Structure formats: structure tokens, C-alpha cells
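K.L.:
sequence and predicted structure are below.
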Amino acid sequence: MFPEYDVIVVGAGHAGCEAAAAAATMGGRVILITMDMTKIAQMSCNPAMGGVAKGQIVREIDALGGYSGIVSDRTAIQFRMLNRSKGPAMWSPRTQNDRMMFSQAWRETLEAVGHNGEPAKGRAGRTADNAPLPVRQGQRIDFWQDMVGEILVSRTFSSEHRVTVQGVRTGLGVEIRGKTVILTNGTFLNGIIHIGEKQFGGGRAGERAATGITEQLVGLGFRSGRMKTGTPPRVDGRSLDYSRMEQQPGDEDPSTFSFLPDTSPFGRKLSDAGVSRETTNEQRPPGVSQRSCHITYTSPEVHDILKTGFDRSPMFSGRISGTGPRYCPSIEDKINRFSERERHQLFVEPEGWNTVEVYVNGFSTSLPEEVQYTALRKVPGFEDVRMFRPGYAIEYDYFPPDQLELTLETKLVKNLFFAGQINGTTGYEEAACQGLMAGINAVCMIRDEGTVILGRDEAYIGVLIDDLINKGTDEPYRMFTSRAEHRILLRQDNADIRLTPLGHRLGLASSERNERAKAKRETVDHIIDILQEISVSPEEVNQMLEQAGTSAITQAVKALALMMRPQVTLSQLVQEVPALHGIHGFEREFTEQAEIQIKYASYIEKEHEMADRIQRLEGVPIASSFDFSGLQALSAEAREKLSAVRPRTVGQAARISGVSPADVSILLVQLGR
């Protein structure tokens, strides 16, 4: 019934979608298995992509040739660049999305991968006699709706003393064979939903949990744990009084996640790899360019009402054993932990262009539904609110990620990969980037083409995976800019310059993408050269300089020197100096990049120097057979952590929690360095 696949992806959430798309785009024969084909890339929580640090991840996914940015752009109902008042390392793009369109767009994208009128590039699957299987146009990804209850593994150990994955067995008893398997089960592994004193099995509201896999993996030697996350109630927007709330509109000149041109839904054409169509703006209400969000607040009265349900809260009663997200706590947790605060901010977010459903961001809760409803009616603007469904908490199984290699392959089972919330992360963006990297490495492994591991100085994706593997997590991991020590290098504006050449070499990023990234680099260098060559006179710029609040010049200086002043912008300088008017002809994205590189040149240079020093430790390998436990000079904690993680280099060892600089020095001496 099924051929042997190169990659079997279990789960069609954000991680599964990126994994399947990446593996298929690279030429692998892929099957994506999901329990419900209508819920592909479901936005289980808030209908938004990006945000602080998360927006950088989406742009990195796009730069590599992934699809989260394109799908987010196609289905955006609002775009905002957060933190514009801070330095460019903090600028973070975010979209509010149409929930139903997002899922539909992802499904259409997956069905169209490879549908470009040309034979598929790369290697296809293989028949029993090792002859290549033809890959039909638009058929690079197969789909199967079923629950996977078991992975199939070899009975004989590999040369690395690990069992090897051979496929999966579904709830219908169907066996599907594959060279690699990527598990992206999200919150479905033995999921339990809690609302007050009620609890029932489920991986998401209205959907059953997945069973069998956890028990099998534990039997194979894996450690598992429980985590918790939650979601707020959904309400009827027709019952809200928006005049009592603060409006939060989108940017006046909205940008996009994708580095490809014309992916915005706000009145321009859309195009992506394999799919070209007009924006679905007929779904947008007439005369509306973007949909606004709104802000309102809780109050002491709201808090008092919520407290009446604390004795029935599964979080406080002990019925929930999993650890919840520290950085996105439930409303009852916020009231309990921050009792001194009289109010908490709520973001009122529309679910799409043509729906009245509204997401109450900041009101995540598992309290009884009647308590949720009574408290909501005391929130300004919610006096007559009608609920569509209550908020709930969900507990699920995860596997501590220190059981993985940096490729996201498991250490215990060869060719088996974990990606997404199964690794203890939270958020669509964190899941999507893991899926992308797992899909890339699965195909590279099949082809014996080495591994693809992004460094901490190369991408937020590299920071995230390195944190997971080397530090582990006992609470849902969320990305922040503060986690990246080289964040001045890892800006959202230069993700294409950093990563698109790699994506192109892998066969993910198109030639169009690569040429555009190359043009951006060359244009930025050209703009800087112009500014370095052109001299400006006091007569041309002194009035502008005084208005900008900086000192006038007494003699001609290079334009580049003036650009080093924080008060002077490139647009101001170009406006005043006729010899620079030609810069007006370059794209805003390119001129903005040039300005950032000029103003932050010294900081960028220092970051590169620091990254180079750290990189030298990455060049000191540690043999897989190295006996950390026998090196008594190491601290006891270091011996324990190093033996568990088995780092491949001294650089990786240095990043493990509990390994001190003194321990690193001892390792270097022992290794003869």
C-alpha cells in the first residue's frame, strides 16, 4: 500500500509542516501523518506569529527556505514591528493572522511543494530493488490521516549500539516503512484537558489524545516528563464594547516576514515557491486595510471573582502535575504570584477577517467556566460578553531534550528525530524552526551528506537548539532576545544575508531568493561606498544638523562620518545632499540595512571578535569514547552533566549548565590543548 519513505513525519502542527516541507523540497520522499487533515498547522492558541525574538526566528526560517513566513504574510490581518523605539537588535516583526486561512494556506502549500512543472530535484524514494521512484508533480508529500501508536525499530543494534527506527504502526494497524521518522506530537502525547474540576483526555479542544508512543519510548530507555500549557476563553466580538478599550492598530506602512517581494496581503500580489495567486482580499471587509487589536485591563474586582474559584483550580489543587510556562502564566497564576498588582493587561485579538470570534490574550485559565464568565463581565468593554468556549489547561508528555544530538536526532534510537513541544518548547515559532532543522538533517543523513548545525552566532535557531540540548529544560522553553549573546549579529533584518546562501546550497532556498540576498549585500556595500566617497559641505547640511540637535560642521566631511552620528538618519542626509539623491532609488529594505551596518559597525565588529574566540573552542573535538567520569579533577556536577550530554566539542561542553570555566580548562589540559 505504501512505498518506503525517506522521511515519515508524525504530526502536522507547525513543526511537522516545516519538517515535511523541508524534506520534500530537498528531494526526499515524504509522508505526513496526522489525526485530522482539517487541522493542519492549527493555531491552537493565539492567532499570531512572531513577536520579540520569535519574529527573528520566523525570518530565519524564511531565509533558509521554509514556509512559515510566507504563510504568515498570506494570511495576515495586521502587521506590527515591535520595539522600534529600541535598537535594531530588538526590532521584532509580528503578524495577527486569520486562523482559518492560516491552516488552509499551510495545507495548500504542502500539497503544492514541488508543483513547479519540472521534475523534482534531488533523490526520490527507492523501490525494493533500489531503483529510483518517480516523483510526480505536486506529489512530493503524501498524506495519511491516522494516529501513530508505535514506532518500528530494528531488533539488531547498529554499529553505534543503538536500535534503528524502521517506520511506524498506526491505530488502524497500518505499517509504514521509512528510513527516518520525525516525531512532532505537540501536546497530544497522553494529553489531559482541565477545566475546573473536570478533566478529560485530549490533545486539543475537541480532539483526542495520542497514546502508546510515550510508553514505548520509555521502554526503549528514554526519560519522559509532564508539562502544562493553557489557553484563554474565546468570546463573541459582537458582544464587546470596543469604545471602552485602547485601540492597537497595525503599522501604517506594513512590512512582511518573507524576504521574497510581494507576499503582503495588504493590497499586493502574492507569490511563493510553486504557488502564485492573487491575495484573498475578497475575504477582507470593504475599506479595511488591517484589523486592529485592542487593550483592556483586569481589576481588583476581577481578581476577587477569580479567587472564588481557586479551591476548584486544577493548578492549585494538585490535579495538574506538569510544569507550566513561566513567561506566559495563567491569569490565576499571575494573581497569585503578583498579588501586589491591581491589574493585568489583556489583548483583545480578532481571529480573522470575517469572523466575530475573539481571542482574549492574557486571560489563559483553567478555572471553572462559570467563574471565567463572571470575571470576564467585570473587565472594561466585556460587560455584556458572550463566551464561545472557556479557557482550559492541558497536560502532556515531553522528553527532556538533552537526550538529543544537536541535529535533533535521538541518542538512543538511530534515525529518529524529535521536534517541537515534544522537546519541551512552547510556541509556534520555536516548534517550526525545530521541524525545519529536523527535516533538513533527516535528508542529509539519508544522503550521507553530514549534518547541518547552526551556531549561536549564526541564528536564533542555533541558540534555541543549543540551549535545549546542552542546558535541557524542565519548564516550557520560550525564546527571548536575552538568550542570544550575539543578538546584535542576529537581527531580523539580516537573516537573509546570514542564512539564505546555506538554504540555497541545501536546495531549500530558490535561486530567486539567493540572487535577492546577493543583490542586497552588494547594494548595501555600494551605498556605504557612496557615503564614503561623497563629501558634504557645511552649507548643505548645517541647518539639518542643528534641527536634529547635533553640532554643525565647519568644513567639508565625508557623508559616512555624519552617518555615524545617532541624530542623523540616511533619509535626512539624502534629502539635503544633491550628490546623494541617487540613493532614493534603492529599496527601503536595502537602505535600512546600510544605515544599521554603518551606525552599529563598532558593535558588530566586537561581536564578531567575541564569536571568533568562542568558535576556537568549537574546533577542539572530544572523542565519543572520552571517559568524563574518570577525570577526577572535574567537579562532581561537571562529570555528571558531561557524561549525560556527551558533548562533541569543548565549545559545546562549555555551554552545559553546571560546567564551570575551571572545568573547561581541565578538559583542555586533558586534551593536550
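P.N.:
Cool, the structure landed.
K.L.:
now Ala517. Nearest residue, chain neighbours left out?
P.N.:
Nearest residue to Ala517 in three dimensions, chain neighbours excluded: Thr500, at 4.0 Å (Cβ to Cβ, 6 or more residues apart in numbering). To be clear about C-beta, it is placed using only N, CA and C from the backbone, and glycine gets the same treatment.
K.L.:
so what pLDDT did that neighbour get?
P.N.:
Model confidence at Thr500, given as pLDDT, is 97.
K.L.:
what does Ser635 give?
P.N.:
Looking at Ser635, its pLDDT reads 88.
K.L.:
distance of the nearest residue to it once chain neighbours are set aside from Ala12?
P.N.:
Nearest residue to Ser635 in three dimensions, chain neighbours excluded: Asp663, at 5.9 Å (Cβ to Cβ, 6+ apart). Asp663 sits at a distance of 43 Å from Ala12 (criterion: Cβ to Cβ, to the nearest Å).
K.L.:
now Asn361
P.N.:
From Asn361 to Ala12 the distance is 24 Å (Cβ to Cβ).
K.L.:
ok, now Pro265?
P.N.:
Distance, Pro265 to Ala12, by Cβ to Cβ: 23 Å.
K.L.:
how much space separates the residue nearest to Ser635 from Ile446?
P.N.:
Separation of Asp663 from Ile446 (Cβ to Cβ): 37 Å.
K.L.:
the two: who's more crowded?
P.N.:
Applying other Cβ atoms under 10 Å to Asp663 and Ile446 shows that Asp663 carries more neighbours, namely 23 against 20.
K.L.:
helix or strand for the more buried one, which one?
P.N.:
helix 661-670 (DSSP states H and E).
K.L.:
next: Arg94.
P.N.:
Per DSSP H and E: strand 92-97 holds Arg94.
K.L.:
list the contacts of that strand.
P.N.:
43, 47-56, 58-59, 72-73, 75-83, 250, 255, 257, 291, 293, 349-350, 352, 481, 492 (Cβ atoms under 8 Å, 6 or more residues apart in numbering).
K.L.:
quick one: the next helix or strand after it to strand 92-97, angle?
P.N.:
Downstream of strand 92-97, the next assigned helix or strand under DSSP H and E is helix 99-112. Note on geometry: by axes from the mean of the first three to the mean of the last three Cα atoms, to 10 degrees, helix 99-112 and strand 92-97 are set 100 degrees apart in direction.
K.L.:
you'd agree the residue nearest to Ala517 is in a helix?
P.N.:
Yes: counting by DSSP: H, G, I helix; E, B strand; the rest coil, Thr500 is found in a helix.
K.L.:
what count of nearby residues applies to it?
P.N.:
Using other Cβ under 10 Å, Thr500 has 26 other residues around it.
K.L.:
tell me who's in contact with it.
P.N.:
Residues in contact with Thr500 (Cβ under 8 Å, 6+ apart) are 63-65, 259, 509, 513-514, 516-517.
K.L.:
quick one: Val302 and Ala375 touch, right?
P.N.:
Yes: taking contacts as Cβ atoms under 8 Å, Val302 lies within contact range of Ala375: 5.0 Å.
K.L.:
among the two, which residue is more densely surrounded?
P.N.:
Looking at Val302 and Ala375 with other Cβ under 10 Å, you find the greater number of neighbours at Ala375, namely 27 against 24.
K.L.:
wait, isn't that one in contact with Pro300?
P.N.:
No: with contacts counted by Cβ under 8 Å, Ala375 stays clear of Pro300, the gap being 11.6 Å.
K.L.:
helix, strand, or coil at Ile57?
P.N.:
Per three-state DSSP, the local secondary structure of Ile57 is helix.
K.L.:
so what's it closest to, chain neighbours aside?
P.N.:
In space, and not counting its chain neighbours, Ile57 is closest to Glu429: 4.5 Å by Cβ to Cβ, 6+ apart.
K.L.:
how close does the one you found get to Leu436?
P.N.:
Distance of Glu429 to Leu436, given as Cβ to Cβ: 11 Å.
K.L.:
looking at these two now, which is surrounded by more residues?
P.N.:
Leu436 (31 against 28).
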